[in-house]
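Q: Could you work out the structure for the sequence below:
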Amino acid sequence: GAMYRKSMESKTYSKLTALSPYRFAIINPSVSQKGDSTINFDIFLTPRQNKWGFDAGTNLFYSTFSAGGRNNLLGFNSTVNFENRNFLQRAYRYLIDLEGTFEFDFSNFPRIDPNTITFQLDNTVEIPRNVELFNFARFLNKLNIVKDKAYDNFKNETTTELNVNYRYSDIFDLYRLNSFNASWSYNYQPSTRTRIRYNQLGFNYVNVAIDSLFRDRFLISNPLLEKSFTSQLFTGILFRDISFYQLSKETSKRTQFAIISNFEVSGLENYLLNSLVNVFEGDNKYWQLSSVNFAKFIRLENELRFYKKFRGKRVFAMRFNIGAALPYGADESIIADGAVPFIKQFFVGGPNSLRAWRLRELGAGGDTEYILGLQDVPPFASGDFKLDFSAEYRFKLFWLMDGAVFLDAGNVWALKGETGDIRKLGPDFLKQIAVGTGWGLRFDLTYFILRFDMGYKLRNPFPDPETGSYSAFNSKYNSFPLGNINFAINYPF
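A: Numbering: from 1, shown residues only. A predicted model of the protein is given here:
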């Protein structure tokens, strides 16, 4: 046996209760009859009655669009979840998740004009221990890049996750996406306040089909946007992405901080090997898989959150988010090279960002193309660089109802483009910061928060073409003079 440590007993209990086949775990210590210096432990596990679990749900949502086009969107979202709590009789969890969404414009009811259809199938196997792929972490430990203590903690506090999923999205009049994804990931949780997710192996093939109207109207006049809307293969063998979350302890002044970071690289191993082959062959061509390009980009996003609690269940919350994505290894002969894929670009607006604007309506930079004249299609604005700030004051009203007032600011920009391009990040980027405010009602239903936020534009990211003013007040280009309605679940941050 080993020397008894209370921390090891607590860790054993925690790991046993985390095993999905069992509902309860009890550890009974007793002094051994062979001597009072020895402790025996009897472990009792209560299995769950059913090996399979099932859950299902349906959500109804409504959003307002600009008066020029689809301005009354009603949507349904349904989910079905199956869980095998003892997959392969080894305490693995096997999860099957089905999700579908249908959104349509009911302005001309009984005629229904579909706007968006999405379908997603997820298959996930969770292994309650560390299963190293290619022994990459051990290799880093042997090179002393990862210290022994850190490697031991990684082995003992990590679970492994294998995931295969498929997603279909059809944005009517714009584009259709078919996405196939497979990944091998590790979830490392050294404490209750710190979580790290390391996705080592990842392959994601995205097939893009563009509607002719969208191509003729938007892509031909914007080569950089056209490059981002191509079929691509995202790859990572030793490193795909890593996410970090840490929540500080509450101080004596009732303040807390949270840090959320994500770093993603696609195509690095392929690019390095391709470059090495080019050196020996004296070539400068980059590989493709049939006609599919290997996506090559680096993406970093960081978010800092601050919370201050007051008496009477009042809270001041603040969030600052910054992100950047850069392509690398561009081959001018390949149309998709030199641009970050559209699905990996940043966007703002909607219920969790600048709530006075719709999702993807704002940007890039001082672009007015959509807001001033292209309101008959769903917004699709995005960029390679993002600044996003929000502040909220939350307070109790009565019964289950809470209230909030908020201020949002930010925008997205392109990092590439010609000099003077209003979409590109430049020295006058602060003039292109959009500002909105609003109020909200939140209903605390114990298991989740039902949130209703009404956002109002204060400042546009571009000057009014007639007055030159950035103010959104009394502007005829304000698509939501009475406010933008947002429905969502839980807090935005």
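Q: For this protein, give me the ranges with low pLDDT.
A: Within the chain, the stretches with pLDDT under 70 are 1, 60-72, 107-108, 331-337, 369-378, 419, 474-481.
Q: What are the neighbouring residues in contact with the residue nearest to the spatial centre of it?
A: Among the residues of the chain, N262 comes closest to the average C-alpha position under C-alpha atoms, centre = their mean, at 9.4 Å. Counting by C-beta atoms under 8 Å, 6 or more residues apart in numbering, N262 touches D241, I242, S243, F244, R299, L300, E301. Where you see a C-beta, it was placed from the backbone N, CA and C, and this is true even at glycine.
Q: Buried ones only from these, please, as a ChimeraX command.
A: Burial among the contacts of N262 is assessed by 16 or more other C-beta atoms under 10 Å; the matching ChimeraX selection reads:
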select :241,242,243,244,299,301
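Q: quick check, the residue nearest to the centre of the chain in a helix?
A: No: assessed with DSSP: H, G, I helix; E, B strand; the rest coil, N262 is strand; it does not lie in a helix.
Q: Can you tell me how far it is from G323?
A: 8 Å (C-beta to C-beta, to the nearest Å).
Q: circling back to that earlier point, just flag the most distant two among the contacts of N262.
A: By the measure C-beta to C-beta, F244 and R299 form the most distant pair in those, at 14.3 Å.
Q: For the stretch 251-400 of the chain, which segments count as helices?
A: Taking DSSP state H, counting those that start in this stretch, the helices of the stretch 251-400 of the chain run over residues 268-281, 369-373.
Q: Need these in a markdown table (columns: distance to G455 and mean neighbour count).
A: Formatted as a markdown table, the helices of the stretch 251-400 of the chain follow (distance: least, C-beta to C-beta, whole Å; neighbours: other C-beta atoms under 10 Å):
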| stretch | distance to G455 | mean neighbour count |
| --- | --- | --- |
| helix 268-281 | 39 | 13 |
| helix 369-373 | 15 | 16 |
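Q: closest to F109 out of the ones you listed?
A: It's helix 369-373; of the helices of the stretch 251-400 of the chain, that one is closest to F109 (C-beta to C-beta) at 26.0 Å.
Q: so how far is the host helix or strand of F487 off the chain centroid?
A: Using DSSP states H and E, the element containing F487 is strand 484-489. Strand 484-489 sits 18 Å away from the centroid of its parent chain (C-alpha atoms, centre = their mean, to the nearest Å).
Q: cool, and stretch 21-38?
A: In terms of C-alpha atoms, centre = their mean, the centre of stretch 21-38 is set 44 Å apart from its chain centre.
Q: Start at 9, not 1
A: New numbering, starting at 9: the last item is stretch 29-46.
Q: Show me what counts as buried in that stretch.
A: For stretch 29-46, by 16+ other C-beta under 10 Å, it's P29, Y30, A33.
Q: Next: stretch 324-334.
A: Across stretch 324-334, burial judged by 16+ other C-beta under 10 Å covers A325, M326, R327, F328, N329, I330, G331, A332, A333.
Q: Strands along the stretch 309-458 of the chain, start to end?
A: 322-335, 393-406, 409-421, 442-452, 457-467 (DSSP state E, counting those that start in this stretch).
Q: Just tell me which of the ones you listed ends up closest to E91.
A: Ranking these by proximity to E91 (C-beta to C-beta) places strand 457-467 first, at 24.6 Å.
Q: Which residues does the closest one contact?
A: Contacts of strand 457-467 (C-beta under 8 Å, 6+ apart): 359, 362-365, 412, 414, 416, 441-451, 478-481, 486, 488, 491-500.
Q: Kindly state the beta-bridge partners for N131.
A: Beta-bridge pairing of N131, defined through DSSP bridges, involves I104, V172.
Q: residues contacting it?
A: Y102, L103, I104, N171, V172, N173.
Q: Also D156?
A: N149.
Q: do the same with E258
A: Counting by C-beta under 8 Å, 6+ apart, E258 has contacts Q264, K317.
Q: Relative to Y401, how far out is it?
A: Applying C-beta to C-beta, the value for E258 to Y401 is 18 Å.
Q: who touches R93 in this structure?
A: S28, P29, R56, N58, K59, W60, G61, R101.
Q: Now restrict those residues to buried residues only.
A: Taking 16+ other C-beta under 10 Å as the criterion, what is buried in those is S28, P29, R101.
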